[in-house]
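Student: Next input, structure requested:
(2 chains)
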Amino acid sequence: MSSIGQDAVQGRRARKRPADQAFRGITTGAGVLILVVLAGVAAFLLIEAWPAFVAPAEEIPGEGGLVLYIWPLVFGTLLAAALALVLAAPLAVLIALFITHYAPRRLAQLLGYVIDLLAAVPSIIYGLWGFTVLAPATLTPTGWLAENLGFIPLFAGPASTTGRTMFTTALVLAVMILPIITAVIREAFLQTPKLYEEAALALGATRLEMIRTAVLPFGGSSILSGSMLGLGRALGETMAVAIVLSASGGITFNLISSGNPATIAANIALEFPESSGVAIDALIASGLVLFAITLVVNMIARAVINRRTDFSGAS
Amino acid sequence: MSTPTKSRPAPPETDPPGDSTRLVRGSLPRRASWGALGAATLVAAVVAALTGFSVTLFVLLVVVLYTAGMYVWSRSAEGRRKAADRAFTSVVTSAFLIALTPLISVVITVISRGAERFDGKFFSYSMRGVVGDGGGAYHAITGTLITSGLATLMSVPIGLATAVYLVEYGRGRLAKSITFFVDVMTGIPSIVAGLFAYALFTLVFGAGTINGFAGAVALSVLMIPIVVRSSEEMIKLVPDDLREAAFALGTPKWKVILRVVLPTAVAGISTGVTLAIARVVGETAPLLIATGTTASTNFNPFSGQMATLSVFSYYEYASPGVPPEPYLARAWTAALTLMLIVMVLNLVARSISLFFAPKTRS
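Tutor: Numbers count the residues shown, from 1 in each chain, chains lettered A, B, ... in the order given. Sure thing, here's the model as predicted:
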């Protein structure tokens, strides 16, 4: 952006000012420090988790070895996050459309602020709400599901009597990631060139057809990247899951019974304060796995976003 | 619909209204959607009353009946395309309203339950020696201020310097990889940041070292990428003309950045920093692991565990005494306090960008 000053100085072979050199060094150092921190996160987790990798299987909690300890947690994490995403992503697209193309303009800006604000509400609040309000409210629907749709493995039941099920957890996570996904998609939809939209309307398209022919082709990839960001958040969400989900371990697709798989993050939060020795190392090892999973998800999301910015430069 | 004779199409101006010559498509009356909504509500109310009233069933019925009814009516009068458009409008609007319900419910629940203990005692007493009723979150509020404050002190210089590097100096592979990994860092789960701080302090200061500073380190890991991203955007917005004018006067580059670029962008940067603080101030998981909790006030972030609002709220909920009511009341009030802090920070951020942004003339 501002290479002019640099070029001018170098072109005339002006004396190198020590203050300039120092300033450049400091800012570069800060950038490198971030890379070091990120490498440090991986390295320190690896060092602290190492005893769990080499420990005999009997010393790991559950006495079945590290893989058997972490695998159900990975399953629970993926299941909860995927369900939340399936629930939240379509809604987020519709909400983003409402805010950008249906709501009156003044209301739309206000709604944008509200969405941003909701994305900042601490997760513990969603957790307390899910436990106190949502869990009891799911009892009737899950009971009905278990009775009438029990032949589907997801709703095999018997329905939990506390409501602290995987079903409720996924709902809470969906509510939490909804503002995040919506914010990303809204941003992209807002950038649809007005010319495209007006051209579509001038050709006689209805609003739905305008959205299909102008808005979605332009902002469509943001649905993917927003969903990936939301997925990353849902995978790493700790407190809401720890409070809402009554986990008993094991692997099951049954969403509404009282036996639910735990998630990595919630398991760490619940077990860590009471653990010691190899148990802590095993928890850190599970944290390392979570780190790896979210890293992959975020890298894919960023790759999609970057590809889109390359494209949109042309329009 | 009367059918005019095919041989003699009447000129439109002599046509009485309602006599369709199909020169224009029919359209629904202007208040059609309100009428349909009313009808749908009426039918839904009757059905809901007959089957035993349930709010969820009632709302779902209204939505489905209204959407289907409008589609059929519009399709018969206006054609397939208009009908699809109307149905989609109804779907989008109801999706928005449905999504709003839980979010409103969250706010109402926190306010109504948190109001019970939202009193002077809550903000002036700690939990030292308190069993059952009474006590407060003074120790947790100071802890939250100390950990978030330390995290801000660490994150802002590093984040700002990185942003300056990326915009003013960064070329080539190093800058590209920093940008990429800052993005990746935004997605680190908060609990992993807590584990990192725990592992770091265990290795450096010995096993089981958890204190306020470790929590601040964990929060910094979460906060730095947010600060970098927002500051970078703001510094990029500073017009090149300003830089060139300063260079033309013979100003060294470091001085241009410190005296011209950063002061111009300071409003946007402050907004970004405030929003970043709002993001980390409510974090629970990393503090649970790296900072722990205690019942007394601890002002020293370098020694001993420290209570914070979010962790305080969690433990009051997770391990209440007997009877549990006073503990749960404190948990909700702590949650309400957190939410108020987050909202105030957001409002402050908005007003900074509103009032202090450089005036742009176009």
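Student: Please work out how many residues are found near A:Lys143.
Tutor: For residue A:143 the amino acid is Gly, not Lys. Number of residues near A:Gly143 (other C-beta atoms under 10 Å in any protein chain shown) recorded here: 16. To be clear about C-beta, it is placed using only N, CA and C from the backbone, and glycine gets the same treatment.
Student: Could you measure from it over to A:Leu154?
Tutor: Between A:Gly143 and A:Leu154 the computed distance is 15 Å (C-beta to C-beta, to the nearest Å).
Student: What does residue 250 show for phi and psi?
Tutor: In the absence of a named chain, this looks at chain A. For A:Gly250, the backbone dihedrals are phi 90, psi 170 (criterion: degrees, to the nearest 10).
Student: wrong one, I was asking about chain B
Tutor: phi 80, psi 20.
Student: now it: how far from chain A?
Tutor: 10 Å (C-beta to the nearest C-beta, to the nearest Å).
Student: Now do stretch B:161-173: everything it contacts.
Tutor: Residues from elsewhere that reach stretch B:161-173, judged by C-beta atoms under 8 Å, 6 or more residues apart in numbering or on different chains: A:1-2, A:24, A:26-31, A:33-34, B:175, B:178-179, B:182, B:224, B:227-228, B:231-232, B:235-236, B:253, B:257, B:261-262.
Student: among those, which are in helices?
Tutor: Among those, the members falling in helices (DSSP state H) are A:24, A:26-31, A:33-34, B:175, B:178-179, B:182, B:224, B:227-228, B:231-232, B:235-236, B:253, B:262.
Student: Tell me how many other residues crowd the residue of the stretch 151-300 of chain A found nearest chain B.
Tutor: Of all residues in the stretch 151-300 of chain A, the one sitting closest to chain B is A:Gly236 (2.4 Å; C-beta to the nearest C-beta). Using other C-beta under 10 Å, A:Gly236 is surrounded by 29 other residues.
Student: List the contacts of the closest residue to it other than its chain neighbours.
Tutor: Excluding its sequence neighbours, the residue lying closest to A:Gly236 (C-beta to C-beta, 6 or more residues apart in numbering or on different chains) is B:Pro189, at 2.4 Å. Residues near B:Pro189 by C-beta under 8 Å, 6+ apart: A:Leu235, A:Gly236, A:Glu237, A:Thr238, A:Ala265, A:Leu290, A:Phe291, A:Thr294, B:Ala285.
Student: The second one reaches B:Gly194, doesn't it?
Tutor: No - at 11.1 Å, A:Gly236 and B:Gly194 do not qualify as touching, with contact defined as C-beta atoms under 8 Å.
Student: number of nearby residues for the nearest residue to A:Leu171 once chain neighbours are set aside?
Tutor: Spatial nearest neighbour of A:Leu171, excluding adjacent residues (C-beta to C-beta, 6+ apart): A:Leu134 at 6.2 Å. Counted with other C-beta under 10 Å, residues neighbouring A:Leu134 total 23.
Student: ok now do A:Leu134, which residues does it touch?
Tutor: Residues near A:Leu134 by C-beta under 8 Å, 6+ apart: A:Gly163, A:Thr168, A:Leu171, A:Val172, A:Val244, B:Pro102.
Student: Could I get the full set of helices for the stretch 201-350 of chain B?
Tutor: For the stretch 201-350 of chain B, the helices defined by DSSP state H, counting those that start in this stretch cover B:212-237, B:240-248, B:253-256, B:262-281, B:285-290, B:309-318, B:325-355.
Student: Quick one: mean pLDDT over the first one.
Tutor: Averaging the model's pLDDT scores along helix B:212-237 yields 93.
Student: give me phi/psi at the residue in the stretch 51-200 of chain A that chain B sits nearest to?
Tutor: Nearest residue of the stretch 51-200 of chain A to chain B (C-beta to the nearest C-beta) works out as A:Pro122 at 2.6 Å. When read as degrees, to the nearest 10, the backbone of A:Pro122 gives phi -60, psi 150.
Student: circling back: ok, of the ones in helices among the contacts of stretch B:161-173, which come out buried?
Tutor: A:24, A:27-28, A:30-31, A:33-34, B:175, B:178-179, B:182, B:224, B:227-228, B:231-232, B:235, B:253, B:262 (16 or more other C-beta atoms under 10 Å in any protein chain shown).
Student: What is the burial count for residue 277?
Tutor: Answering for chain A, as no chain was given. As a burial measure, A:Gly277 scores 12 neighbours (other C-beta under 10 Å).
Student: hmm, I had chain B in mind actually
Tutor: 24.
Student: Next: B:Arg128.
Tutor: Using other C-beta under 10 Å, B:Arg128 has 12 other residues around it.
Student: element containing residue 77, please.
Tutor: Picked chain A for this. Using DSSP states H and E, A:Thr77 maps to helix A:66-97.
Student: looking at chain B here, not the other one
Tutor: Here B:Ala77 is assigned to helix B:55-78, by DSSP H and E.
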